[in-house]
Each structure stands twice: as structure tokens, then as C-alpha cells.
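Chemist: Sequence first, then the predicted structure:
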Amino acid sequence: RKEVEQDPGPFNVPEGATVAFNCTYSNSASQSFFWYRQDCRKEPKLLMSVYSSGNEDGRFTAQLNRASQYISLLIRDSKLSDSATYLCVVPRGATNKLIFGTGTLLAVQP
Amino acid sequence: DAGVTQSPTHLIKTRGQHVTLRCSPISGHKSVSWYQQVLGQGPQFIFQYYEKEERGRGNFPDRFSARQFPNYSSELNVNALLLGDSALYLCASRPDRGLQPGAYGYTFGSGTRLTVV
């Protein structure tokens, strides 16, 4: 089993739709989590951090379920500019190296 | 402030050659990490350096090495290049721990795209 697992998608949604991605992690000791956004052929950029039960930033909501070991990302009122790959990331170990999922591809259609 | 800067942006090398990739972290960031991202996958951890010392190493062969300089910039070296080393190499830096959780996330450079032919 991979440490961090995501549905690779693609998720094709119309503008204005609400879309949710799930991510499961295997290390029950993990305390913090991140969602990164990566545009095609660009570097990952930090979208949200999750430390407690959840975090909200505008149209984006991240939720953490420690009992089931999954993190979700909800995007409301999708925009064309939201089209990207969303990477679920779990830091591990004393050095907090980042363990990435394979990413979920979102394509928002006009 | 400048973000994480990497050079070169693109590189084409022949099998068996070696390559040196460079990274300058955000000013004040002492922690630098290197990641390899092959097409269709998430980035994979290669090395982490803090205060010029190696603090972590991923599951990569000894052909991969790195170092960090007194100004916190870093180099990643790869010897005896293989076709499978073709990837986007990302450098990331972050502030010291103890800051607010929001500062905990890594900032990535735009990467070096290495093609081995």
C-alpha cells in the first residue's frame, strides 16, 4: 500500500460545479497535511495546510478525518483557472520530508 | 523577495555523463530539499539539507549526491546518467520550525527539466 493515495482522475467538471478529492494516508502518526496545486509543467504551489479537523480559504475547504486516515479537498464554484493537478502531501519523519500522492487532475470545462 | 531559484531551467545530457543542478533558497531559509518528479507521478524525495548537513536521504542510488553551502544554496549532482533519470528536479526551502504552522509548508522552485538521451 502506498503511503499517500489519491484518485488520479481526471475529474471533468463544468464551471460553477462543486468537486471533492479524497486522499488516504497510511501513517497514523502523521500530524499535518498539505494540499499543493501543480499546473502543467510548473512547480507545485502550496494551496492549503491542514493541522486540526479542517481549514477553509475562500472557495477551498480541506477536511481531515484522523480515524479513517483521509484528507479531503472541496472546491466550490469551480473556475476555469482551477484546472490543475492537486497533490496530497504528508510530511514524514524528523526531517518532515514530503510524501506526495500521485495527484488528481482537475479539468474545469466552460 | 525572490523565491526559490534553480538553474539551469532545462538540460539535455547523454547517458553516462554527469550533471550539476543548482538551487538558491528563499532568503533566510536554512532548509533545502531536492525532489525528483517523473511524468505522471508526484515528486519523490531525494535529499534534505539543513545548516550544511545532510538530514535526510531518499531511496536513490549513490550516483545522486548533494551539498549545501554556507550561504544555504545547494547543488545536486548526478553521475553516470541513465535514461530513467530524465525528470523534473525540484528544489524546495522552508523556514525553520517553531514558526507558525502556516509557515511550515515548503516553497518550490520552478525546477530543472533534465532530459537524458
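Modeler: Thanks, I have it.
Chemist: Next, count neighbours for A:G9.
Modeler: As a burial measure, A:G9 scores 16 neighbours (other C-beta atoms under 10 Å in any protein chain shown). For every residue, glycine as well, the C-beta is placed using N, CA and C.
Chemist: For the residue in chain A positioned nearest to chain B, name its beta-bridge partners.
Modeler: Taking C-beta to the nearest C-beta, chain B has its nearest neighbour within chain A at A:F100, 3.0 Å off. A:F100 has these beta-bridge partners by DSSP bridges: A:V89.
Chemist: neighbours around it, how many?
Modeler: 23.
Chemist: what does chain B have sitting close to chain A?
Modeler: For chain B, the residues in contact with chain A (C-beta under 8 Å from any C-beta of the partner chain) are B:33, B:35, B:40-45, B:48, B:50, B:55-56, B:58, B:88, B:90, B:92, B:97, B:101-102, B:104-111, B:113.
Chemist: Any chance of a PyMOL selection covering the buried ones in those?
Modeler: Here is the PyMOL command that selects the buried residues among these (16 or more other C-beta atoms under 10 Å in any protein chain shown):
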select buried, chain B and resi 33+35+42+43+44+45+48+50+55+56+88+90+92+104+105+106+107+108+109+110+111+113
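Chemist: So which residues of chain A form strands?
Modeler: A:4-6, A:11-14, A:19-25, A:33-38, A:44-50, A:54-57, A:60-65, A:70-75, A:84-92, A:97-100, A:104-109 (DSSP state E).
Chemist: can you tell which of these is closest to B:S24?
Modeler: Minimum separation from B:S24 across the strands of chain A (C-beta to C-beta) falls at strand A:44-50, 18.1 Å.
Chemist: Only alpha carbons, please: show that closest one as CSV.
Modeler: What follows is strand A:44-50, C-alpha atoms only, in CSV (Å, rounded to 0.1, in the frame of the first residue of the first chain):
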residue,chain,number,x,y,z
PRO,A,44,3.9,22.6,-7.0
LYS,A,45,2.5,25.5,-5.1
LEU,A,46,1.1,25.3,-1.5
LEU,A,47,-2.7,25.6,-1.6
MET,A,48,-3.7,24.7,2.0
SER,A,49,-2.4,23.3,5.2
VAL,A,50,-4.4,21.1,7.5
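Chemist: Neighbours of the nearest residue to B:P8 once chain neighbours are set aside, how many?
Modeler: Leaving aside its chain neighbours, B:P8 sits nearest to B:T112 (6.0 Å; criterion: C-beta to C-beta, 6 or more residues apart in numbering or on different chains). Burial measure for B:T112: 21 neighbouring residues, criterion other C-beta under 10 Å.
Chemist: Look up the residues forming beta bridges with B:T112.
Modeler: In beta-bridge terms (that is, DSSP bridges), B:T112 pairs with B:Y89.
Chemist: That one contacts B:T20, doesn't it?
Modeler: No: with contact defined as C-beta atoms under 8 Å, B:T112 does not reach B:T20; the gap is 10.0 Å.
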